[in-house]
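The amino acid sequence is not available; the structure is as follows:
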């Protein structure tokens, strides 16, 4: 892989981690939403990543067909967490059922904060990788001049 390919990989990871942080933020914002637009309580969203790797046998053969698919990582989809929704006894709540129970989102703020910190740290590491790659490119240009 060349230095520009390294930038491509780190750039795709930066975009994916930004998206992950946005989804986590939406989860935290809806942690108490008992009535979503779709009806029922909000369900926690999860980001599913997909890695794209070059096809090394074709790369070694000297062809450029490995460039047909971008290298790095992409967000394949955002899926709903199908874990059970907690219920609380609150008979005066507008969304309470006949027995007085309210179904709340399956969002755990502690888990969301952990996911957010993980996304921020991964973003920082990829930004550092971009800086290191830029430095290597600049040094290569200085050597060549």
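Nice, I can see it. All values reported here derive from a predicted model rather than from experimental measurement.

sec struct for residue 73, please.
Assigned state for residue 73: strand (three-state reduction, DSSP: H, G, I helix; E, B strand; the rest coil).

Tell me who's in contact with it.
By CB atoms under 8 Å, 6 or more residues apart in numbering, the contact set of residue 73 is 9, 12, 13, 16, 49, 50, 51, 52. C-beta coordinates here come from the backbone N, C-alpha and C atoms, glycine included.

how about the helices in the protein?
Taking DSSP state H to define them, one finds helices in the chain at 3-29, 56-60, 109-144.

Centre-most residue in this protein?
Taking CA atoms, centre = their mean, the centroid of the chain lies closest to residue 20, which sits 2.6 Å from it.

Quick check: that residue touching residue 120?
No: contact criterion CB atoms under 8 Å: residue 20 and residue 120 do not qualify, at 9.6 Å.

tell me, what's touching these two both at once?
With contacts defined as CB under 8 Å, 6+ apart, no residue is adjacent to both residue 20 and residue 120.

got the contact list for residue 101?
87, 88, 89, 90.

Bridged to the first one, which residues?
By that I understand residue 87. Beta-bridge pairing for residue 87 (DSSP bridges): residue 103.

isn't it right up against residue 105?
No: look at residue 87 against residue 105 with CB under 8 Å: they stay out of range, at 11.4 Å.

More neighbours: these two, which one.
For residue 87 versus residue 105, the count of surrounding residues by other CB atoms under 10 Å is larger for residue 105: 20 against 14.
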